[in-house]
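**Q** Fold the stuff below for me.
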Amino acid sequence: MSLEYWQLQQRQNLPLDIKIRMSKNRIREWYSHFDGNVYVSFSGGKDSTVLLHLVRSIYPNVPAVFIDTGLEYPEIRYFVETKENIKWIKPKMTFKEVIEKWGYPVISKIVANTVGGAKKGNTRYKKLKGTLKDSDGEKSIFNLEKYQYLLNAPFKISDKCCYYLKKEPAQRYANKTNRKPILGLMASESKKRERSYLETGCNAFNIKKPQSQPLAFWTEQDILGYINKNNLKISEIYGDIIKNNHDEYYLSGENRTGCMFCMFGVHLEKEPNRFQRMMKTHPKIYNYCINKLGLGRVLNYIDVNYKAPRQQTIFEYHDN
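**A** Below is the predicted model of the structure:
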């Protein structure tokens, strides 16, 4: 099954009530296809909390799996502990072991993967040097010369973190139980997830590792709207859900709650960025990751301020 981009846009613009019915149908199809041998991938975040509520509103006994990476906000871990029928799984490696062996996650998965696998003359190296050509001999649109300075970084860089801390333990559970995952992924979160949805739709039955993503055509506003509508409890790290004058929802606390130590995308954040907020809200964890794990020198190298937010200079002009 493949979809056109206009179909995704059309579905993203549907009312929430219709989206709920559509997602429940996708969940029923997935559950029926695998005779109930399914599980919910539960991170403790708001998206997967909505997913878990939606799945268990139909099938109350479906198990959920929480990958205990050790990188979660403490508030997320406390919240996960309040849920029933959750299988906690630990990775075989710690974050410290991953960065020591493979390198730090910086900029994005694509950039980190390219830098981590770049060897003089190979395709990834050419991308970073800006010399990769397409089939017509023109400069490739996939070049990443903006980040070639990372080739000289005094530390290792890679995208292996996500695999060893999340994907490997999840796959290990799936192989052991033969259960197929239901994930809280949304196409609006990245181009990669958008492409995935357009290629397979919500239920990817025929790929090498089948997976369901019944919320794929939802938006951030749908997630917050569902939480508000169902008076759904979410982790305290998010704060309160507030509606503005344009009938849009927003959170008073953290908006995203992935791995606390991840540096993917932090260079794009306005101050106070995730690490500056962490310095204030979780000072012990901040000290550990900045100083003990060496994230401070990495952030310095990519020119991200992780200390007190810079004060904006104010100029006063006086008429003569």
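
**Q** Centroid-nearest residue for this structure?
**A** Central residue of the chain (CA atoms, centre = their mean): Gly258, 5.9 Å from the mean position.

**Q** quick one: Tyr238 and Glu254 touch, right?
**A** Yes. Taking contacts as CB atoms under 8 Å, Tyr238 lies within contact range of Glu254: 6.0 Å. For glycine as for every other residue, the C-beta is placed from the backbone atoms N, C-alpha and C.

**Q** my guess is the residue nearest to the centre of the chain is in a strand, correct?
**A** No. Secondary structure of Gly258 (DSSP: H, G, I helix; E, B strand; the rest coil): coil, not part of a strand.

**Q** List the residues that contact it.
**A** Remark: with contacts taken as CB atoms under 8 Å, 6 or more residues apart in numbering, Gly258 is in contact with Ser43, Gly45.

**Q** how about 6 Å then?
**A** Under the criterion of CB atoms under 6 Å, 6 or more residues apart in numbering, Gly258 has no neighbours.

**Q** how near is it to Asn122?
**A** 30 Å (CB to CB, to the nearest Å).

**Q** List of residues touching stretch 292-306?
**A** So stretch 292-306 is contacted by Tyr104, Val106, Ala153, Val266, His267, Phe275, Cys289, Ile290 (CB under 6 Å, 6+ apart).

**Q** May I see the PyMOL selection of the buried members of the residues you listed?
**A** In PyMOL, this line selects whichever of the contacts of stretch 292-306 come out buried by 16 or more other CB atoms under 10 Å:
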select buried, resi 104+106+153+266+275+289+290
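
**Q** Pull the residues that contact stretch 181-190.
**A** By CB under 6 Å, 6+ apart, stretch 181-190 touches 8, 38, 40-41, 47-48, 51, 193-194, 197, 211-213, 215-216, 218-219.

**Q** Mind checking which of these land in helices?
**A** Mapping the contacts of stretch 181-190 onto helices (DSSP state H) picks out Leu8, Asp47, Ser48, Leu51, Arg193, Glu194, Tyr197.
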